[in-house]
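> What would the 3D arrangement of this be:
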Amino acid sequence: MHDDIPLTVGRATRVLGERIRPAIHAQRVPLEVQWHELPDEPVPPSDGLALDYSPYEVGSPWGAAWGTTWFRVRGSVPAAWRGRRVEAAIDLGFDTDRTGFQCEGLVYLPSGEPVKSLNPRNQWVTVCDEAEGGESVEFFIEAASNPVVLDAHPFLPTSEGDIQTSSSRRIYATRHVDLAVFDTEAHELALDIEVLLELQAELPESDPRRMQILQSLDESLDALDLQNISGTAGDARARLAPAYEAPAAASAHQISAIGHAHIDSAWLWPVRETIRKVARTTSSMTELIGDTDDFLYGMSSAQQYKWIKEHRPEVYEKVRAAVADGRFLPIGGMWVESDTVMPTGEAIARQFLYGQRFFEQEFGVRSKGVWLPDSFGYSPALPQLIRRAGFEWFFTQKISWNQVNRFPHHTFDWEGIDGSRVFSHFPPMDTYNSQLSGEEVAKASRQFRESRVARSSIAPVGWGDGGGGTTREMVGRARRLADLEGSAQVRWEHPDAFFDRAKQELPDPPVWVGELYLELHRATLTSQHQTKQGNRLTEHLLVEAELWSASATFWEDADYPYDELDALWEQVLLQQFHDILPGTSIAWVHREATENYDRVAGRARELITRAQRILAGDGDGRVVFNAAPFARGGAPALGASAPERGDSDPVSVTDHDGGYVLENDLLRVTVSSAGLLTSAIDLATGRDAIPAGAEANLLQLHQDFPNLWDAWDVDRFYRNRVTDLRGVDELRADTGEDGAAVVTIRRSFSESSVEQTLVLRPGSRTVEFAQSTDWHETEKFLKLAFPLDIQAEHTAAETQYGYAKRVTHTNTSWEAAKFETSMHRFVQVEEPGFGAALVTDSTYGYDVTRDADDELGVTTTVRLSLLRAPRFPDPETDQGEQTHRYGFVIGSTIEEATREGIALNVPARETTGAPVDPLVRVDGGALVSSVKLAADRSGDLIVRIYEPYGRRAKASMEFAKPVASVRTATLIEDDDPQLAQPDLVGGARVDLDLRAFEVRTLRVTR
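Numbering: from 1, shown residues only. A predicted model of the protein is given here:
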């Protein structure tokens, strides 16, 4: 036979697009439309329904950027449509390629009952399943005119990302608002042809199954009268029936589909708009659940459920009912789908605690797995935290975005820094927004890396990012793909059921050890510095507020501020969402985030001051409160005492070649005339941390214009162009408080300026820096370099409850791809016998290079990532005043790096009153991470400790007064059946054996 494949495919494609799909709503009558444009922010639905409405002509412009327009729609069903399904077909000005990224609407009945959303891929509303004829029709649309920020030419700077700078012109125009007959046969025929057309495209060219499908398509189209689609669609479908009767192969890949929308809690829209996006999507999903028998929809993020509970209770009741029916599935067990690289371990614990607690209180369920499809890399501490929170599995797909290396597994055990393992799955479709297209389904089967021993994968199905969710077309595809020759088999299934089956398929899964590093979006460790600074500050302040509040309750029976701490934590947890904390949202989002951090920090400080006043009493003696897990300044760990008077000699300052030499009893530091460190000698060993001829504390300015994803990415070639900032406007040395030496350095460069204050204190091996930058650059990257005379095989960068080791070489493509990596409060560089560390208060990104010289040997350069200036999505990213604090610890061990990192971020607080004993004292190589009262408000005390240094420890914990019991608990404060319970010695002490980097949570009944 002649090759007619292109002819058949072209024929089917054109008929489908130009004849069959238009026939689904062929019979139409226009509806009467009225409108009311709100002048300001959205109003509650009850207020919107009661607005005064005026006539609106379809086709007219509506909606300024970020505006809200209420439409009232009226009409009546023609008598001739009796017995037919009738829908409203509405196009608000949609672009089908921008679902979730442009205008949207939520339909309400006059009673205030929400119906479903309107979006580019969901342009219909059911009026009646079987018309009587003559029925009156009335409904309302709350329409949001969200601007398109990510357009066809992506990443162009735009002022539309903030309501303070966005356009006031109307940016949309309706195309039609009609009442229409829904032609069920035409709709089903469209899906029949679409699924087979996509399936044949994935089969080998000469495959008999493909030829049979093409023949069926030709025969179906021969039976179809293009001028009478409605009347002949049934015959055309009958010709396709045999093609659907052939079952899938016995070895076919199994796809567990779950309805999904992945609504970003903020990104190219503000939080206030996300609240409405969630309401729109969940309205549509509950309606789709009601229209189907087997469809399941999964939604993560307890925060999003709480939003609709508070702002759209009428939607929430439908969600609650669907959850009770087992069709709407709360998944993920977190407050939001957070970043997992930058938050502290305590913040991750709170993500789990607040998420699971909400799901249990509201729905009586808990999630069994962690669902994070889109975060930008995953911390190597996460497996332990997942398991210690009681979860059984982990899901993501983001690592499929790697630029260089293809991840070797789809289903595997992931091992963390402490040795904990969690069963994990990446969908081989490489998407969290599947449409169940033929290409996606075939890709899942073709790419699945464990296919020798397993045959199952997950498919999150629905329009995501900006919401929308699963459509009836996707449900129709799933039904056709349930058992179809040539295709993987698709069924709606709870992720828990998938993971249970996958564990049976893979009783001995492959293992990945260490971080899940994303070879992309590396600049998210730096963009929007004030957002990151606010996160670091408020995380520490809230843990401190818990400590002193719990202490005040323990010692003085003071009321514990449960409600306020919950509200503050929920705000911080929301802003750890993976497009807020990474700095990749529009200006509006980051403006509000900074304001929220200021509010949270202010209130947390008030809680700290209140508790400390209760604890210290009314005395007039000076007392220092120390929230750090080690003694300092005379104050015990987690307690308060009179300040210690230092007995070290003042730091000497001498002039040297236009610069200065600073010396205390531990260090001799040379500051050159350019304000750079040229020597940093540990006096005990005589080792100079800085290589001969090198300069540390060197600011370096790079051109930074990535190929894509401006706020997200830094591409390797940024290193090819660099300017060293050596020019000095002012260099001055002074003597500070307590005998410290202070050097002030001012520089100006390009359009910006920077002031650094360098401090060396008596008895300290840390050179402290406070930096203020007036930043006015465009597409630049500011780095801070410290070359070190250390032949380091690896760096040790703090992560949650420990540190991650990374090699300094680039032997393989996996190591070379890690040219920008993450840290928390410190990064330690060492060789046997000597080390140095950098500690920071708000920096998360750094890079390392390994250099060699015939005379000097191998040296290591560590550079902190300070500021960027991308122009998308926020064209003013980081502009203006920015501050950093950091320290250079000379001759450090991992213990000293840990201590100095904590000290920089947890300041001692001096006030008046009497000393305060710590609630608990811990020794034996473990550190206390938090002390708080239990979230269940039982009055129990929660104490969390961890081993921070990477070695086994025998820790002892002693309480300030006898307690009734001590039990091992999970991160979410349940009793932990997986761990042995400690023995309470003498009513006030427990001894604990800890593995390297182990986290242990104890629940103490007073």
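> what ranges do the strands span in the stretch 751-900 of the chain?
Under the criterion DSSP state E, counting those that start in this stretch, the stretch 751-900 of the chain contains strands at 752-760, 766-775, 780-788, 794-799, 802-807, 821-822, 826-831, 834-840, 845-853, 857-868, 880-890.
> Between these, which one is closest to Tyr517.
Proximity to Tyr517, assessed across these by Cβ to Cβ, is greatest for strand 821-822 (7.6 Å). The C-beta positions use only the backbone N, C-alpha and C, and glycine is treated the same way.
> by contact count, what packs against that closest one?
Counting contacts by 3 or more Cβ pairs under 8 Å, 6 or more residues apart in numbering; DSSP states H and E, strand 821-822 packs against strand 794-799, strand 845-853.
> again, 7 Å this time
Using 3 or more Cβ pairs under 7 Å, 6 or more residues apart in numbering; DSSP states H and E as the contact test, the elements touching strand 821-822 are strand 845-853.
> Partner strands of the strand it packs on and their direction?
Sheet pairing for strand 845-853, assigned by DSSP bridges, gives strand 821-822 (antiparallel), strand 857-868 (antiparallel).
> JSON lines for those strands, including mean neighbour count and distance to Ile745?
JSON lines is the format used below for the strands paired with strand 845-853 (neighbours: other Cβ atoms under 10 Å; distance: least, Cβ to Cβ, whole Å):
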{"stretch": "strand 821-822", "mean neighbour count": "24", "distance to Ile745": "28"}
{"stretch": "strand 857-868", "mean neighbour count": "22", "distance to Ile745": "15"}
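> could you dump these to a markdown table with mean pLDDT?
As requested, those are exported to a markdown table (pLDDT from 0 to 100):
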| stretch | mean pLDDT |
| --- | --- |
| strand 821-822 | 98 |
| strand 857-868 | 97 |
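> could I get those strands as TSV with distance to Phe328?
Shown next, in TSV, are the strands paired with strand 845-853 (distance: least, Cβ to Cβ, whole Å):
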stretch	distance to Phe328
strand 821-822	35
strand 857-868	40
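> List just the one of these that sits closest to Thr970.
strand 821-822 (25.9 Å).
> still on that earlier bit, if we compare the strands of the stretch 751-900 of the chain, which one ends up closest to Ala478?
Of the strands of the stretch 751-900 of the chain, nearest to Ala478 by Cβ to Cβ is strand 821-822, at 38.7 Å.
> closest to Thr678 out of the strands of the stretch 751-900 of the chain?
Closest among those, once you apply Cβ to Cβ, is strand 780-788, at 10.4 Å.
> tell me what that closest one is packed against?
Strand 780-788 packs on strand 698-703, strand 857-868, going by 3+ Cβ pairs under 7 Å, 6+ apart.
> List the buried residues for the first one?
Buried positions in strand 698-703, judged by neighbour count with 16 or more other Cβ atoms under 10 Å: 698-702.
> how about Lys443, what does it touch?
If you count contacts by Cβ atoms under 7 Å, 6 or more residues apart in numbering, Lys443 has them with 428-430.
> quick one: which of these has the most company?
Scoring the contacts of Lys443 on neighbours with other Cβ atoms under 10 Å, the highest-scoring entry is Met429 at 29 neighbours.
> now the helix or strand of the chain with the lowest mean pLDDT, how far from the centre of its chain.
Counting by mean pLDDT, DSSP states H and E, the weakest-scoring helix or strand in the chain turns out to be strand 984-985, with a mean of 90. In this view, strand 984-985 has its centroid 41 Å away from the chain centroid, taken as Cα atoms, centre = their mean, to the nearest Å.
> helix or strand right after it?
strand 989-994 (DSSP states H and E).
> longest helix anywhere in the protein?
helix 587-616 (DSSP state H).
> May I have the helix or strand just after that helix as CSV, with CA atoms only?
The helix or strand immediately downstream of helix 587-616 is strand 622-626, counting by DSSP H and E. Listed next in CSV are the C-alpha coordinates belonging to strand 622-626 (Å, rounded to 0.1, in the frame of the first residue of the first chain):
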residue,chain,number,x,y,z
ARG,A,622,22.5,43.9,84.7
VAL,A,623,21.7,40.5,83.3
VAL,A,624,22.5,38.9,80.0
PHE,A,625,20.0,36.5,78.4
ASN,A,626,21.7,33.9,76.2
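> Can you give the strand pairings for strand 622-626, parallel or anti for each?
Strand 622-626 is paired, per DSSP bridges, with strand 639-641 (antiparallel), strand 909-912 (antiparallel).
> can you list the residues that contact the last one?
When you say that, I think you mean strand 909-912. Counting by Cβ under 7 Å, 6+ apart, 612, 616, 619-625, 643 sit against strand 909-912.
> want to throw the residues you listed into CSV with distance to Thr840?
Output for the contacts of strand 909-912, formatted as CSV (distance: Cβ to Cβ, whole Å):
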residue, distance to Thr840
Gln612, 27
Ala616, 31
Gly619, 36
Asp620, 37
Gly621, 34
Arg622, 30
Val623, 29
Val624, 24
Phe625, 23
Pro643, 26
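> Tell me the most packed of those, by neighbour count.
Phe625 (27 neighbours).
> beta partners of it?
Bridge pairing for Phe625 - DSSP bridges - gives Ala640, Arg909.
> pretty sure it contacts Leu638?
No - using Cβ atoms under 7 Å, Phe625 is not in contact with Leu638, being 9.3 Å away.
> contacting residues around the most centrally placed residue in the chain?
In the chain, the residue lying closest to the centroid (Cα atoms, centre = their mean) is His578, at 2.1 Å. Counting by Cβ under 7 Å, 6+ apart, His578 touches 337-339, 374-376.
> so can I have a markdown table of the strands of the stretch 751-900 of the chain showing distance to Ile263?
Converted to a markdown table, the strands of the stretch 751-900 of the chain look like this (distance: least, Cβ to Cβ, whole Å):
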| stretch | distance to Ile263 |
| --- | --- |
| strand 752-760 | 37 |
| strand 766-775 | 33 |
| strand 780-788 | 31 |
| strand 794-799 | 28 |
| strand 802-807 | 31 |
| strand 821-822 | 26 |
| strand 826-831 | 35 |
| strand 834-840 | 33 |
| strand 845-853 | 28 |
| strand 857-868 | 27 |
| strand 880-890 | 31 |
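> Not including adjacent chain positions, what is the nearest residue to Glu314?
Pro114 (5.6 Å; Cβ to Cβ, 6 or more residues apart in numbering).
> who's that neighbour bridged to?
Applying DSSP bridges, one finds that Pro114 bridges with Tyr108.
> Distance check, it against Ala241.
Distance of Pro114 to Ala241, given as Cβ to Cβ, to the nearest Å: 38 Å.
> again, but for Leu537
Applying Cβ to Cβ to Leu537 and Ala241 gives a distance of 65 Å.
> Settle it for me: which of the two has more neighbours?
Remark: of Leu537 and Ala241, Leu537 carries more neighbours, 19 against 11, as counted by other Cβ under 10 Å.
> in terms of contact, does that one touch Val600 like I think?
No - at 8.8 Å, Leu537 does not count as touching Val600 under the criterion of Cβ under 7 Å.
> follow-up on the earlier one: if I look at the residue nearest to the centre of the chain, how far off is Leu518?
11 Å.
> Between these two, which contacts overlap?
Joint contacts of His578 and Leu518 (Cβ under 7 Å, 6+ apart) are Phe376.
> List the buried residues of the one helix or strand Glu310 maps to.
Element membership of Glu310 [criterion: DSSP H and E] is helix 302-311. If you call a residue buried by 16+ other Cβ under 10 Å, then helix 302-311 has these buried ones: 302-309, 311.
> ok, so of the contacts of Lys443, who is nearest Arg320?
Closest to Arg320, out of all of the contacts of Lys443 and judged by Cβ to Cβ, is Met429, at 30.8 Å.
> What does the pLDDT read for that closest one?
In this model, Met429 is scored at 97, pLDDT.
> Next one: the residue nearest to it when sequence neighbours are not counted from Trp401, what distance?
Using Cβ to Cβ, 6+ apart and skipping residues adjacent in sequence, the residue nearest Met429 is Ala444, 4.5 Å away. From Ala444 over to Trp401 the distance is 17 Å, taken as Cβ to Cβ.
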